[in-house]
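[1] What would the 3D arrangement of this be:
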Amino acid sequence: QVQLVESGGGLVQTGGSLRLSCVASGLTFSSYAMGWFRQAPGKERKFVAAISWNGGSTSYEDSVKGRFTISRDNAKRTVYLQMNSLKPEDTAVYSCAADFNLGNEVLTTQRPYVYWGQGTQVTVSS
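    Predicted coordinates:
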C-alpha cells in the first residue's frame, strides 16, 4: 500500500519560514518525480513545485520562485519543501504527490500524479 505522509505545517508570521517533509512508503521512491501542490480555502488545488526522480530537474510556480526550494533524499524516501519569506497568500493545505517518471522533465499538472498525501496545513498570519 502506497502512503505519502506530509509533516511540518503550522502557523507562522509573515516573513517566516517552514520546511515541509513528505515521506513515501510502498513504492520505489527513486522511480518517481515528486510534486507539491496547495489548496487554499474555496479555491482549486494548484501546482507549487516539482522535482525529478534524481533531483536533476525542478520546476516552480511563478509566485514561489526565489522563496521556495524543493529537494529530495532518495535514501530516506523523502521530499522536502523549504518555504522562506512566507506571505499570507501562501496559506493553504499543502500536499505532496508522486508521478511515475524517470525522465528529466517534471510535470506541473495534477493528472500525471498517481499517488497523493493527505496534506498539511500552512497558515501565514499578517
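[2] Surely residue 52 touches residue 107?
    No - here residue 52 does not reach residue 107: they are 9.9 Å apart, not a contact under Cβ atoms under 8 Å. Any C-beta I mention is one placed from the backbone N, CA and C, and that applies to glycine too.
[3] Please enumerate the shared neighbours of those two.
    33, 101 (Cβ atoms under 8 Å, 6 or more residues apart in numbering).
[4] Neighbour count: the two, which is higher?
    Using other Cβ atoms under 10 Å as the criterion, residue 52 and residue 107 rank with residue 52 on top: 21 against 17.
[5] OK, contacts around that one?
    Here residue 52 is in contact with 33, 58, 101, 103-106 (criterion: Cβ under 8 Å, 6+ apart).
[6] let's go with 7 Å and repeat that
    33, 104, 106 (Cβ atoms under 7 Å, 6 or more residues apart in numbering).
[7] top of these by neighbour count?
    residue 33 (28 neighbours).
[8] What segments of the protein are strands?
    3-7, 10-13, 18-25, 32-39, 46-51, 58-60, 68-73, 78-83, 92-100, 115-116, 120-125 (DSSP state E).
[9] Check those strands for me and report the most buried one.
    Most buried of the strands of the chain, by mean neighbour count (mean count of other Cβ atoms under 10 Å): strand 32-39, with a mean of 25.
[10] Render the CA-only coordinates of stretch 77-88 in PDB, please.
    What follows is stretch 77-88, C-alpha atoms only, in PDB (Å, rounded to 0.1, in the frame of the first residue of the first chain):
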ATOM      1  CA  ARG A  77      12.300   8.300   0.600                       C
ATOM      2  CA  THR A  78      11.600  11.900   1.500                       C
ATOM      3  CA  VAL A  79      10.800  15.100  -0.500                       C
ATOM      4  CA  TYR A  80      11.100  18.500   1.100                       C
ATOM      5  CA  LEU A  81       9.700  21.900   0.500                       C
ATOM      6  CA  GLN A  82      11.700  24.700   2.200                       C
ATOM      7  CA  MET A  83       9.500  27.800   2.300                       C
ATOM      8  CA  ASN A  84      11.000  31.200   3.100                       C
ATOM      9  CA  SER A  85       9.600  34.700   3.200                       C
ATOM     10  CA  LEU A  86       6.100  33.400   3.600                       C
ATOM     11  CA  LYS A  87       3.200  35.600   2.800                       C
ATOM     12  CA  PRO A  88      -0.500  35.400   3.900                       C
END
